[in-house]
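Asks: With the sequence up front, the predicted model follows.
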Amino acid sequence: MLVACKKQKNKEITRVEFAESTCFLPCVPLAISMDSALHYQLYADSSYVKRTIAQRSYRGTISRELWDELTAKLEDIDYKHLHAGNGEFPSDIQKVELIIYWGNRKTHLETAMDSHTEVGKMLYWIDSTYKRVKLKPATNSLNFATILQLDPRITHHQ
C-alpha cells in the first residue's frame, strides 16, 4: 500500500501585505494585501510611469489554492526568521516591503527586489498574483500597513 503524505496547510498566517517603491526606471509603486478570509486588495499608482494622475484601488477574492500556495511559499523561505535588514539601499533600485501576520506576531521585511534569491523569487511571485484575481475597482479607500507604495515626496510617520 502506498500512502502519500500531504503537507499540512499553514493555519498560523492570517494576512500578508506587500509593497513596492518607485525607482529611477519606470517602476509602478503598488501594494497588495491578501488574508486567510481570501480577501485581496491592490493599490497601484501608475502616475510615475505615465506622468498622469492614475492611482487605482481594486478589491477581489482569491482562491483557497492561491492562499495555500502563498503560505507554502512563505514556509519555504522560513518566514518566521526573515531578517528586516537595515533599510539602507541604493536610491536607484526598487525596494519591497513584506509584512506577514501570524498568530499574534508579525514579520516585517524591507529589502531590494532581487530575483536571484529564494526570497526574491517569492516576492516576484507575490507581485504577479493580481493576474490570478478577478479585480473590481474599490468603491472606498484601502488601508495598508506598508508604506513603500506611498509618494516619496511626502514625509510619512509611523
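Replies: Cool, the structure landed.
Asks: Mind telling me which residue is nearest the centre of this protein?
Replies: Against the mean C-alpha coordinate of the chain, by Cα atoms, centre = their mean, the closest residue is Phe18 at 2.0 Å.
Asks: Packing partners of the helix or strand hosting that residue?
Replies: Here Phe18, judged by DSSP states H and E, is contained in strand 13-20. Judged by 3 or more Cβ pairs under 8 Å, 6 or more residues apart in numbering; DSSP states H and E, strand 13-20 is in contact with strand 30-35, helix 64-76, strand 95-102, helix 118-127. C-beta here means a position set from N, CA and C on the backbone, and glycine is covered the same way.
Asks: Show residues contacting the second one.
Replies: What it means is helix 64-76. For helix 64-76, contacts defined as Cβ atoms under 8 Å, 6 or more residues apart in numbering pick out 7, 9-10, 13, 16, 34, 36, 38, 100, 118, 122, 125-126, 129, 132-133.
Asks: How about the first one?
Replies: Taking contacts as Cβ under 8 Å, 6+ apart, the residues outside strand 30-35 that touch it are 14-20, 39-45, 62, 66-67, 70, 126-127, 129-130, 142, 144, 146, 148-149.
Asks: Can you say which of these are buried?
Replies: Burial by neighbour count, 16 or more other Cβ atoms under 10 Å: within the contacts of strand 30-35 this picks out 15-20, 40-45, 62, 66-67, 70, 126, 129, 144, 146, 148-149.
Asks: Can you show me the CA trace of the strand holding Phe18 as CSV?
Replies: Taking Å, rounded to 0.1, in the frame of the first residue of the first chain, the C-alpha atoms of strand 13-20 are listed here in CSV:
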residue,chain,number,x,y,z
ILE,A,13,-0.6,33.1,8.8
THR,A,14,-3.6,35.4,8.7
ARG,A,15,-2.6,38.2,6.4
VAL,A,16,0.2,39.2,4.1
GLU,A,17,1.0,42.7,2.8
PHE,A,18,3.4,43.5,0.1
ALA,A,19,4.5,46.8,-1.3
GLU,A,20,6.9,48.1,-4.0
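Asks: what about it, distance to the chain center?
Replies: For strand 13-20, the separation from the chain centroid amounts to 5 Å (computed by Cα atoms, centre = their mean, to the nearest Å).
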